[in-house]
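Asker: Got a predicted structure plus its sequence, pasted below:
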Amino acid sequence: MSDLMEYKCPNCGGVVEFNINTQEMTCPYCDSTFEIESLRKYEEELALEALKEKKTWSKYNVEDGSNNWQYGETDSLASYVCESCGGVITGDKTTVVTKCPYCENPVVITNLLAGDLRPDFVIPFKFDKKQAQEKLVEFYKGKYLLPKFFSEQNRIDSIQGVYVPFWLFDCKAQTQARFNATKVRTYSDGNYMYTKTRHFSVSRGGEFKFTHVPVDGSFKMNDAYMEAIAPYDYNQMLDFETAYLSGFVADKYDVEADDVSERVSERIKNTTVQILRPSEYTSCVLNTANLNLDESNIKYALLPVWMLNTKYNGEMYTFAMNGQTGKLVGKLPVDNNKAMTYFGLICGSISAIAAAVIFFVI
């Protein structure tokens, strides 16, 4: 008894059959046709893709980094503990901190630095407090749905420069991706219009190098905000010194590098897939993608962020600004009356255009 090879349709998954007339493989379910050699290569690719991905990151190596705090290095530092959210932030003993930059509640000064990892790198602040306030005023401009009171009489309840802990991931990445693509051609014989769709299974791969892929190591920080104010210029990153904390505070990391490594792997995979995606087809949909990591390395850095908080109608509005580039993000309130007015104007304009078109047709 001989073994029979059963081929699956790459488009719908149905079992394809050999067509004597065309000498090709035909799917009886979606009417797709394939060359036998193409299907054989397709099955071989599927077998290779069945191999497991390698997305294991190396552990954060303290010995390769700045290691723990040196003797006497933390004598000028103090920690501030928020009794409401539990946040622990660090600054020098001359820093005046009265409110938590995350939840606006009072903080208590303690000494809890023993055993904490010393950061490897730091990017110093390039914008001061006054410039951060000016950036927020600029951020309001052009926001026509803002309540008038919020934009004209708004005051900042608190503003604090915070060094946010970030894990920086470096690696080499090898990605193999397979796409289901089509090329569509429309033509006419004078009597009928025809559409011919050709289907392709496209495999592409490449090797990429990533440096300083950032993920914030603070559970309290809004991940969407931290990603939105990126990127930073890592060419300006310096070896960490406690002097950079003067006048600012540093958030203590409470998310380990291992806890965010899978998130970094997915970001790297998505980025490489977009680079590998072919553009010469009418449509192109990702089928499978495998990622393998090599020469991975993790560093611990403090990056500058201005946290600005203001209250309006009893609700807290928080803004985050990149302390190096000045990029600012945040949630803004909406004046419902203005929103209804603009909505009415848009609907009125559409109705007027429609009426004109109807009148012209008639």
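Answerer: Now that the structure is in, tell me what you want to look at.

Asker: going forward, measure contacts between C-alpha atoms and count neighbours the same way
Answerer: Fine.

Asker: The stretch 101-250 of the chain: strands as residue ranges?
Answerer: For the stretch 101-250 of the chain, applying DSSP state E, counting those that start in this stretch gives strands covering 107-110, 121-122, 158-188, 193-216, 238-239, 249-251.

Asker: hmm, which helix or strand of this structure has the shakiest average pLDDT?
Answerer: strand 107-110 (a mean of 52; mean pLDDT, DSSP states H and E).

Asker: Mean pLDDT lowest where, among the strands of the stretch 101-250 of the chain?
Answerer: Out of the strands of the stretch 101-250 of the chain, strand 107-110 stands lowest, with a mean of 52 (criterion: mean pLDDT).

Asker: domain ranges for this structure?
Answerer: Residue ranges for the structural domains of the chain, counted by automatic domain parsing, are given in the record as 1-51, 77-172+206-274+293-331.

Asker: Let's have those domains in a markdown table, adding mean neighbour count and distance to Lys196.
Answerer: Converted to a markdown table, the domains of the chain look like this (neighbours: other CA atoms under 10 Å; distance: least, CA to CA, whole Å):
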| stretch | mean neighbour count | distance to Lys196 |
| --- | --- | --- |
| domain 1-51 | 14 | 11 |
| domain 77-172+206-274+293-331 | 17 | 27 |
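
Asker: any chance of those in CSV, plus distance to Lys183?
Answerer: Shown next, in CSV, are the domains of the chain (distance: least, CA to CA, whole Å):
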stretch, distance to Lys183
domain 1-51, 13
domain 77-172+206-274+293-331, 19
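
Asker: Lowest average confidence across those domains, which one?
Answerer: Of all those, the segment with the smallest mean pLDDT is domain 1-51, scoring a mean of 72.

Asker: Provide a list of residues in contact with Asn287.
Answerer: The neighbours of Asn287, taking CA atoms under 8 Å, 6 or more residues apart in numbering as the test, are Ala177, Arg178, Phe179, Asn180.

Asker: sorry, back to before: could you export the strands of the stretch 101-250 of the chain to CSV, including columns for distance to Ala320?
Answerer: Output for these, formatted as CSV (distance: least, CA to CA, whole Å):
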stretch, distance to Ala320
strand 107-110, 20
strand 121-122, 18
strand 158-188, 10
strand 193-216, 13
strand 238-239, 22
strand 249-251, 14
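
Asker: Dump the contacts of Asn287 into TSV; add distance to Ala230 and neighbour count as well.
Answerer: Compiled in TSV, the contacts of Asn287 are given as follows (distance: CA to CA, whole Å; neighbours: other CA atoms under 10 Å):
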residue	distance to Ala230	neighbour count
Ala177	27	22
Arg178	30	24
Phe179	30	21
Asn180	33	18
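
Asker: Just the closest of those to Asp258, please.
Answerer: Proximity of those to Asp258 (CA to CA) peaks at Ala177, which lies at 25.8 Å.

Asker: That closest one and Val329, how far apart?
Answerer: Using CA to CA, to the nearest Å, one gets 34 Å for the distance from Ala177 to Val329.

Asker: How about Gly314?
Answerer: Separation of Gly314 from Val329 (CA to CA): 21 Å.

Asker: One more: Tyr232?
Answerer: From Tyr232 over to Val329 the distance is 15 Å, taken as CA to CA.

Asker: hmm, back to that, wait, which of the domains of the chain is closest to Tyr187?
Answerer: With CA to CA as the measure, domain 1-51 is the member of these nearest Tyr187 (19.3 Å).

Asker: follow-up on the earlier one: what about the domains of the chain, which gets the closest to Tyr60?
Answerer: domain 77-172+206-274+293-331 (5.4 Å).

Asker: Quick one: distance of the closest one to the chain centre.
Answerer: Distance of domain 77-172+206-274+293-331 from its chain centroid, counting by CA atoms, centre = their mean, to the nearest Å, is 15 Å.

Asker: and of the domains of the chain, who's closest to Asn191?
Answerer: Evaluated with CA to CA, the domains of the chain place domain 1-51 nearest to Asn191, the distance being 23.8 Å.

Asker: ok now the closest one, how far from the chain's centre?
Answerer: On the basis of CA atoms, centre = their mean, domain 1-51 is displaced by 38 Å from the centre of the chain it belongs to.

Asker: same check, this time on stretch 319-332
Answerer: If you compare the mean C-alpha spot of stretch 319-332 with that of the full chain, they lie 16 Å apart, counting by CA atoms, centre = their mean.

Asker: So the closest residue to Pro165 other than its chain neighbours: helix, strand or coil?
Answerer: Of all residues not flanking Pro165 in the chain, Leu302 sits nearest, at 4.7 Å (CA to CA, 6 or more residues apart in numbering). Secondary structure state of Leu302, per DSSP: H, G, I helix; E, B strand; the rest coil, is strand.
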